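Participant: the sequence and its predicted three-dimensional model are supplied below.
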Amino acid sequence: MRTSKGLLIFLILLLLLASASPLQASSGPEIVGEAAVVIDIKNGQVLFEKNPDRRVYPASTTKIMTAVIALENGRLDAAVAVPGEACNIEGSSIGLQEGEKISLEDLLYALMLNSGNDTAVAIACHVGGSVEAFVSMMNKKAAELGAVNTHFNNPNGLPDPGHYSTAYDMALISRYAMQNPEFRKIVSTRVKTIRRSVPDAQVYLENHNRLLWLYEGATGVKTGYTVEAGQCLVSSAARQGRELLAVVMKSEGSNIWSDSTSLMDYCFKEFRPVCLVEAGAFVADVPVKFGEPAAVAVQTGSSFTYNFPADKPLEIKKEVLLEKEFCAPVRAGEKLGEMAFYDGERELGRVDLVAQQEVRRKFLARWWPWLLLSGMLLVLVAIIRRHRNERRRRWLRYTRRRKYYYL
């Protein structure tokens, strides 16, 4: 009897403690994938992460960077002559034949929809001159984007100990790629028929990314698989004015689809975007030394939106960071400072503060009018001196003549 009463009291206390404790936000869904990241494409904010910096084999998600380099350094209408080294490549391909000519645009569709390993090599040789030179361009671009834990050894993602990336780095690269309208167009295409001069060659392409058919608002991006890498997927979707990008690496079988959709569902549901400032918002009138006018209106150079947990109250602080003094001239649109946003002590991000209009330097505040005036004064002084010297010489001549006359 005592045991029953003690157990009842313990359960009551447990319930009271649970009701008194604040509810914690969900840490996100459990996924099979070894590494994952979800970001907001617009501002790059990380909404979910699991082993984001763990090195993994990227498999064919490598081709995202291959496409970026090709789009930025090649012409879509260029006719590409297929080299011998692009033929008979292991893994997925469209059966390129040595010597056949195919447009760079069609090669890119085959690369991103059909995941052609042979097309990656053909693109690399055409754009970079060689696979090695093209891979160097890929690594240089990765470094520029801040993908510091990435190193490419080939353009197609075939297994190589020196070919690796991370979920976070792939998110950085993919977010950058999605800023390119042509890239967006390619990776959102479900099916495509390309043109080839070889009889009976594969021309019908179907995108391997099933989410384009299965997930509401899906916009891309790229699948990947090797035995070493497991199932990989970079996916994106747009809903209600925002777009998310999910990277899942080293998942298993069909879990790659459920991993990706559950992550995006979670982030769409559990986070709400809040615009903290609009582009062009007036901030202050700032005095400008030697300026005409004497002050310039400062405004925000861009908007800033941040995603917050749906149930979290907002406690946002803004801090305007401007130089103490500005001197004319000031160009319209010139950066004059920054506006920083904080959630408590944590900085969320910054936007540039720019001049709303041009401020010219006052005429007499410029250096050349003073130089001109100084020159004119020197000339005037020289003229006066010369005039005085001439009068003195005349006087001397006059006095000498008078002296001789009286003698």
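Facilitator: Nice, I can see it.
Participant: and the host helix or strand of residue 245, what's its mean pLDDT?
Facilitator: For residue 245, the host element (DSSP states H and E) is strand 242-251. Averaging pLDDT along strand 242-251 yields 98.
Participant: ditto for stretch 60-76
Facilitator: 98.
Participant: what do you get for stretch 227-239?
Facilitator: Per-residue scores along stretch 227-239 average to 97.
Participant: buried ones in it?
Facilitator: Residues 229-237 are the ones in stretch 227-239 that count as buried (16 or more other C-beta atoms under 10 Å). C-betas here are computed from N, CA, C, even on glycine.
Participant: which of those residues lies closest to residue 135?
Facilitator: residue 229 (17.8 Å; C-beta to C-beta).
Participant: quick one, phi psi at the closest one?
Facilitator: phi -90, psi -20 (degrees, to the nearest 10).
Participant: for residue 79, see how far away it is.
Facilitator: Relative to residue 79, residue 229 is positioned 33 Å away (C-beta to C-beta, to the nearest Å).
Participant: repeat for residue 127
Facilitator: On the measure of C-beta to C-beta, residue 127 and residue 79 end up 13 Å apart.
Participant: hey, what's in contact with both of these two?
Facilitator: Residues touching both residue 127 and residue 79 by C-beta atoms under 8 Å, 6 or more residues apart in numbering: none at all.
Participant: more neighbours: which of these two?
Facilitator: residue 127 (22 against 11; other C-beta atoms under 10 Å).
Participant: state the distance from the more buried one to residue 325.
Facilitator: 49 Å.
Participant: picking that back up, and the strand holding residue 245, what does it pack onto?
Facilitator: Counting contacts by 3 or more C-beta pairs under 8 Å, 6 or more residues apart in numbering; DSSP states H and E, strand 242-251 is packed against strand 35-40, helix 167-177, strand 230-239, helix 255-270.
Participant: let's have these in CSV, adding distance to residue 351.
Facilitator: Shown next, in CSV, are the helices and strands packed on strand 242-251 (distance: least, C-beta to C-beta, whole Å):
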stretch, distance to residue 351
strand 35-40, 16
helix 167-177, 18
strand 230-239, 23
helix 255-270, 23
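Participant: ok, how many other residues are close to residue 160?
Facilitator: 13.
Participant: can you classify the closest residue to it other than its chain neighbours by secondary structure?
Facilitator: Nearest residue to residue 160 in three dimensions, chain neighbours excluded: residue 153, at 4.4 Å (C-beta to C-beta, 6 or more residues apart in numbering). At residue 153 the chain is in coil, as set by DSSP: H, G, I helix; E, B strand; the rest coil.
Participant: I figured residue 153 hits residue 163, correct?
Facilitator: Yes. Under the contact definition of C-beta atoms under 8 Å, residue 153 touches residue 163, with a separation of 4.1 Å.
Participant: and the two? Which one has more around it.
Facilitator: In this view residue 153 and residue 163 are compared by other C-beta under 10 Å, and residue 163 has more residues nearby, 21 against 18.
Participant: contacting residues for residue 289?
Facilitator: Counting by C-beta under 8 Å, 6+ apart, the residues that residue 289 touches are 325-328.
Participant: cool, and residue 260?
Facilitator: Taking C-beta under 8 Å, 6+ apart as the test, what residue 260 contacts is 211, 215, 233, 235, 246, 248.
Participant: can you get me a residue count around the fifth one?
Facilitator: Burial of residue 246 is recorded as 30 neighbouring residues (other C-beta under 10 Å).
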